[in-house]
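Asker: after the sequence you'll find the predicted model.
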Amino acid sequence: MIVLDTHAAILYAAGVKLKRAAGTAIEESVAGSSIAISAISAWEIGMFVRKNRLQLPQPSQDYVRALFALDVVVEEPITAEIARLAAVLPDFHADLADRMIVATAIARTASLITRDDRIIRYLRRTKATAVIPC
């Protein structure tokens, strides 16, 4: 299983070509219908739109519904375990959504696909879970 952070999920849904390793990991996960997206990404997409950091071809609630309805996507809920883990992660990142997404990948022992340099540096340094830059 792989977890896509919010930006990676948006790029994947838009059909944007990602770096080779990320594209390969997604292709392999598509075959097994195991691409996970944290539920917090729904909130983050809405916030990006609200802050004019993301323009979508449809209302954000419709976009999010369509994204999470893709056959290969598994919605990962924010469980008590994930929330607890996000709270005890070191202060490598101030963004709550990114902390929840990292905690999701760690809790699920899944590779995380991201373009966030802070997350990439943290996970490469700690080896808490695999990270694949996109």
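Answerer: That came in fine, so what should we check first? Numbering: from 1, shown residues only.
Asker: so which elements touch the helix or strand bottoming out on mean pLDDT in the chain?
Answerer: None of the helices or strands of the chain scores lower by mean pLDDT, DSSP states H and E than helix 20-31, at a mean of 89. Packing contacts for helix 20-31, counted by 3 or more CB pairs under 8 Å, 6 or more residues apart in numbering; DSSP states H and E, involve strand 2-4, strand 111-114, strand 131-133. Heads up, the C-betas are built off the backbone N, CA and C, glycines and all.
Asker: go through those and name the closest to Gly46.
Answerer: When these are compared by CB to CB, strand 2-4 sits nearest Gly46, at 16.9 Å.
Asker: next SSE after the closest one?
Answerer: Using DSSP states H and E, the helix or strand that follows strand 2-4 towards the C-terminus is helix 6-13.
Asker: and that next one, what other elements does it pack with?
Answerer: When contacts are defined as 3+ CB pairs under 8 Å, 6+ apart, helix 6-13 packs onto strand 35-38, helix 40-50, helix 60-69, strand 111-114.
Asker: could you check the angle it makes with helix 20-31?
Answerer: In terms of direction (axes from the mean of the first three to the mean of the last three CA atoms, to 10 degrees), helix 6-13 departs from helix 20-31 by 70 degrees.
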